[in-house]
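> Sequence below, structure please.
(2 chains)
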Amino acid sequence: MTRSNRMFAAVALALLPFAAFAQATPVPKLDSGDTAWMLTASMLVLMMTIPGAALFYGGMVRAKNLLSVMMQCFAVTALITVLWIVYGYSVAFSTEGMHAGVTGWHSIVGGLDHAMLAGMTPDSLYQTVPESVYVMFQLTFAIITPVLIVGAYAERMRFAAMLWFSALWFTLVYLPIAHMVWSGPGSLLGDMGVLDFAGGTVVHINAGIAGLVACLVIGKRRGWPHTHMPPHNLGYTVIGASLLWLGWFGFNAGSAVAANGSAGMAMLVTQIATAAAAIGWTSVEWIVHKRASVLGIASGAVAGLVAVTPAAGTCGPGGALLIGFVAGSACFFTATRLKFRLGYDDTLDVFGVHAIGGIVGALLTGPFAAASLGGFGHVTSAWGQLWIQAKGVGFTIVWSAVLSLAILKLLERTLGLRVDAEQEQMGLDLAEHEERAYDLQR
Amino acid sequence: MQWITAIIKPFKLDEVREALAEAGVHGMTVTEVKGFGRQHGHTELYRGAEYVVDFLPKLKIELAVSDEQLEHAIEAITRAARTGKVGDGKVFVHPLEQAIRIRTQEMDDDAL
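Numbers count the residues shown, from 1 in each chain, chains lettered A, B, ... in the order given. Below is the predicted model:
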């Protein structure tokens, strides 16, 4: 239901309207300032996916696979939009049959009473903004989450299998987790008191764990890690990371669903944590590899954006500095050491950046929400909240891992997940789309 | 007639072309190539994945000269392409049997 719930936890619950869709008493009033900001924030979050993530990922793959990655980002954007309207928004945000403190079927998934956006008119409100704007804002989150997973199976997955995976994963993994965290009183993780301002569990841990499972099920790219597979255009990657950084202000500050002090603070701590993580990754890299790399600083910035996401509404500037620095360092070691030691071919480090950054952020959100550590989360105990956060993280990991595995195994046995060896060698641009990104000879 | 194949550092192309022009050579073919000799390559590191790049970008210049021009041409190339560091490249000379200008059907030295 309300995103403010995650900021003020139980204290604020009683003061807020209970139903996301209904116009219950007291009658909410449209605020044009809030509406203007949420219109803008929705566009910023869409920009994170197209072209942000498409460029960030596209630059890191080989030239023969650039179009396939961009196509995956673009196609998922369109596919999820349609599914969101048909049933997604309702399953994620319907509050039908939900009661605070009561655990039931609708604590896990929403009903279908708002399928096809039933009942929504231009006058429908969500808090102080038109419901249409809230539908659009939340849609952009539902789009970017399966898009993040693209990085794990890049350069080898069949396009048709990718579409089926995205649709099923959105339905069985994303929608229930979003409902359990964000749909308000009566939601499973919301009632447990899990703080997730803008999607550390719902978006990043969820996608990061699915990415790990996906790259394990589909298998390594042929020749990895012995064959040269360097990024083909890190300029694209830097542009993409920059668009992600900029767009993330819509993601985090927009999650206040208002143009207010909470949004302002979310914007500021997002900037702080991102800079700290870029410096964190680069510093460790400089010590370990004796060089500060372009790919490293861009990756570090994204790790910081991921980590501050759940904390953006509750941590203070000091907490943001620490969350960013820890996330940048931890993600560096996962992407450059752990991956090669364990031997999983997570092509673009979806697990290394989104799962690890997300877990670091979700856990540290707990203590840094406490006033004693400079936070604004109205939590009673820093350590108690850390334990609640850990339960939320653990639940998300298990939910995402088990259901992602089931979906991938089903598709492996029916459609087949991988292109054949010859197509993989040729590159997915030609093999799957009969196009190529660069034709410089003519 | 002689056929000269020279492998040089890419940034030396303009100097080599000018030096050859002064030596009376007014035509050549240039190709971007990759290779290695005594010069070592470099390493690249992307998120912990280290690649050793052995093949370095070079330019291959090919030209046909008359026997009288040969010494001047070799002197021009070796002087202009030289930096004194490993990796300056090499010049190969092979005998050339025949040359024909397509437009006029001129033969051998007249075709150069």
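
> Name the SS class of A:Gly416, please.
Assigned with DSSP: H, G, I helix; E, B strand; the rest coil, A:Gly416 falls in the coil class.

> Point out the residues in chain B that sit beside chain A.
Where proximity means CB under 8 Å from any CB of the partner chain, the interface of chain B facing chain A comprises B:44-49, B:51. All C-beta atoms are positioned from the backbone trio N, CA, C, and that covers glycine.

> And the residue of the stretch 1-150 of chain A closest to chain B?
When scored by CB to the nearest CB, the stretch 1-150 of chain A has A:Met60 as its residue closest to chain B, at 8.1 Å.

> and that residue, what is it in contact with?
A:Met60 makes contact with A:151, A:231-232, A:234, A:237, A:295, A:347-348, according to CB atoms under 8 Å, 6 or more residues apart in numbering or on different chains.

> The residue of chain A found nearest chain B: how many residues sit nearby?
Nearest residue of chain A to chain B (CB to the nearest CB) works out as A:Thr336 at 2.8 Å. Counted by other CB atoms under 10 Å in any protein chain shown, the residues lying close to A:Thr336 total 24.

> quick one: it and B:Gly48 touch, right?
Yes: contact criterion CB atoms under 8 Å: A:Thr336 and B:Gly48 qualify, at 2.8 Å.

> Dump the contacts of A:Met60 to TSV, plus neighbour count and secondary structure.
Formatted as TSV, the contacts of A:Met60 follow (neighbours: other CB atoms under 10 Å in any protein chain shown; DSSP: H, G, I helix; E, B strand; the rest coil):
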residue	neighbour count	secondary structure
A:Gly151	29	helix
A:Pro231	21	coil
A:His232	18	coil
A:Leu234	17	helix
A:Thr237	24	helix
A:Leu295	21	helix
A:Thr347	24	coil
A:Leu348	29	coil
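
> how about those in TSV, adding distance to chain B and pLDDT?
Formatted as TSV, these follow (distance: CB to the nearest CB, whole Å; pLDDT from 0 to 100):
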residue	distance to chain B	pLDDT
A:Gly151	12	98
A:Pro231	6	97
A:His232	11	97
A:Leu234	9	98
A:Thr237	10	98
A:Leu295	6	98
A:Thr347	11	97
A:Leu348	9	98
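
> hang on, the earlier thing: could I get the pLDDT score of the residue of chain A closest to chain B?
Among the per-residue scores, A:Thr336 holds a pLDDT of 95.

> Could you do A:Asp439 as well?
A:Asp439 is assigned a predicted lDDT (pLDDT) of 85.

> which parts of the strand or helix carrying A:Ala210 are buried?
Taking DSSP states H and E as the definition, A:Ala210 sits inside helix A:206-218. Residues A:206-218 are the ones in helix A:206-218 that count as buried (16 or more other CB atoms under 10 Å in any protein chain shown).

> same thing with stretch A:117-126?
Buried residues in stretch A:117-126, defined by neighbour count with 16+ other CB under 10 Å: A:117, A:120, A:124-126.

> Sort out for me which of those residues are in strands.
In strands, judged by DSSP state E, the following of the buried residues of stretch A:117-126 are found: A:125-126.

> near chain B too, which of the buried residues of stretch A:117-126?
Counting by CB under 8 Å from any CB, no member of those reaches chain B.

> Go through the buried residues of stretch A:117-126 and say which is closest to A:Ala78.
When those are compared for distance to A:Ala78 (CB to CB), A:Leu117 wins out at 17.4 Å.

> Hmm, the closest one is touching A:Met136, no?
No: at 10.9 Å, A:Leu117 does not count as touching A:Met136 under the criterion of CB under 8 Å.

> Looking at stretch B:89-104 now, give me its mean pLDDT.
The predicted model assigns stretch B:89-104 a mean pLDDT of 95.

> which of the residues in it are buried?
B:89, B:96, B:99.

> Contacts only, for the second one.
I take that to be B:Leu96. Applying CB under 8 Å, 6+ apart to B:Leu96 gives the contacts B:1-3, B:64.

> now do the last one
For B:Ala99, the set of contacting residues under the criterion of CB under 8 Å, 6+ apart consists of B:1, B:64, B:107-109, B:111-112.

> Any chance of the backbone angles for it?
With angles defined as degrees, to the nearest 10, B:Ala99 sits at phi -140, psi 140.

> just the second one next, same as before
Phi and psi for B:Leu96, reported as degrees, to the nearest 10, are phi -120, psi 130.

> How about the first one?
Recorded main-chain torsions at B:Gly89 are phi 110, psi -170, according to degrees, to the nearest 10.

> which residues does it bridge with?
As for beta bridges, B:Gly89 partners with B:Ile8 under DSSP bridges.

> Any idea which residue of chain B lies closest to chain A?
Residue of chain B nearest chain A, by CB to the nearest CB: B:Gly48 (2.8 Å).

> Now for that residue: which residues touch it?
Shown in contact with B:Gly48 (CB under 8 Å, 6+ apart): A:335-337, A:339-340.

> among these, which are in helices?
Among the contacts of B:Gly48, DSSP state H puts A:339-340 in helices.

> From the contacts of B:Gly48, list the buried ones, please.
Buried residues within these, counting neighbours by 16+ other CB under 10 Å: A:335-336, A:339.

> ok, which residues in chain A are in contact with chain B?
Residues of chain A lying close to chain B (CB under 8 Å from any CB) are A:225, A:228-231, A:289, A:291, A:293, A:295-296, A:299, A:335-337, A:339-340, A:349.

> The same query, at a cut-off of 10 Å, please.
Residues of chain A lying close to chain B by CB under 10 Å from any CB of the partner chain are A:60, A:224-225, A:227-231, A:234, A:281, A:285, A:288-291, A:293-296, A:299, A:331-340, A:348-349, A:352-353.

> circling back to that earlier point, looking at the contacts of B:Ala99, state which has the most neighbours.
Counting neighbours by other CB under 10 Å, B:Ala64 leads those with 20 neighbours.

> May I have the helix or strand harbouring B:Glu15 exported as CSV, CA atoms only?
In this structure, B:Glu15 sits in helix B:13-22 according to DSSP H and E. Taking Å, rounded to 0.1, in the frame of the first residue of the first chain, the C-alpha atoms of helix B:13-22 are listed here in CSV:
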residue,chain,number,x,y,z
LEU,B,13,52.7,6.5,-41.4
ASP,B,14,52.7,10.2,-42.3
GLU,B,15,56.5,10.5,-41.9
VAL,B,16,57.1,7.3,-43.9
ARG,B,17,54.9,8.5,-46.7
GLU,B,18,56.6,11.9,-46.9
ALA,B,19,60.1,10.3,-46.8
LEU,B,20,59.1,7.9,-49.6
ALA,B,21,57.7,10.7,-51.7
GLU,B,22,61.1,12.5,-51.4
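
> so what does whichever helix or strand comes after that helix touch, helix or strand wise?
Using DSSP H and E, the next helix or strand after helix B:13-22 towards the C-terminus is strand B:29-35. In terms of contact count using 3 or more CB pairs under 10 Å, 6 or more residues apart in numbering or on different chains; DSSP states H and E, strand B:29-35 is assigned the packing partners strand B:2-8, helix B:13-22, strand B:56-65.

> Report the angle between strand B:29-35 and helix B:13-22.
Per axes from the mean of the first three to the mean of the last three CA atoms, to 10 degrees, the angle that strand B:29-35 makes with helix B:13-22 is 140 degrees.
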